[in-house]
Every structure is written in C-alpha cells, then in structure tokens.
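S.K.: sequence and predicted model, in that order:
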Amino acid sequence: MKIILRILSLPFMALIKLYQWILSPMIGPKCRFTPTCSQYSMEAFKKYGVFKGLWLTVKRISRCHPWGGHGYDPVP
C-alpha cells in the first residue's frame, strides 16, 4: 500500500522539480523557511506519500506570508 501511495506522488514530485529548475531561478530566493517550501514538499512526498505529503505541503505553503512563521521547519 505504501508503495502505491509513493507512486501516486510521483507526478507531484515531477511538478516540484520543474518548479525548482524553471521558475525558482527566475524568482530568486524568497522562502522564509529552511528547508525551502519546495524541498520540504519533496521530502514530505517521499516520506509520507501522496495524501499526507500533499496535506503537509498545503499547510506549509499556507504559512508562507508576512505574518506567518520563519526559520527552521523540518518535515515531521
């Protein structure tokens, strides 16, 4: 079952990689957290699969605003 969830997360991981290769260099370093939101997402998808990885990614990106947090925030 875990293998299937990880396989289902591959398209999301491919989109994150495309973002890291294409858009991120144009935008520049703007992330308030360490690791960056895209790296955090990759780790979450690798560790937890598609459903929990997507949930953790959405939670993390929703905190990325001027009144949100900052600093070191690893994948739980």
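M.R.: Perfect, thanks for sending it.

S.K.: skipping its backbone neighbours, what lies nearest the residue nearest the centre of the chain in space?
M.R.: Centrality entry for the chain: nearest residue to the mean C-alpha point is Ser41, 1.7 Å, by CA atoms, centre = their mean. The shortest distance from Ser41 to any non-neighbouring residue, by CB to CB, 6 or more residues apart in numbering, is to Thr57 (4.3 Å). Using the backbone N, CA and C atoms, a C-beta is placed for each residue, glycine as well.

S.K.: the one you found reaches Met42, doesn't it?
M.R.: No. Between Thr57 and Met42 there is no contact, the gap being 9.3 Å when judged by CB atoms under 8 Å.

S.K.: just the helices in this protein please.
M.R.: For the chain, helices defined by DSSP state H occupy the ranges 2-8, 10-18, 24-27, 37-48, 50-62.

S.K.: what helices or strands is the first one leaning on?
M.R.: Packed against helix 2-8 by the contact rule (3 or more CB pairs under 8 Å, 6 or more residues apart in numbering; DSSP states H and E) you find helix 37-48, helix 50-62.

S.K.: which other residues reach the last one?
M.R.: Just to be clear, that refers to helix 50-62. With CB atoms under 8 Å, 6 or more residues apart in numbering as the test, helix 50-62 has contacts from 5-6, 8-9, 12, 33, 37, 40-41, 44-48, 68, 73, 75-76.
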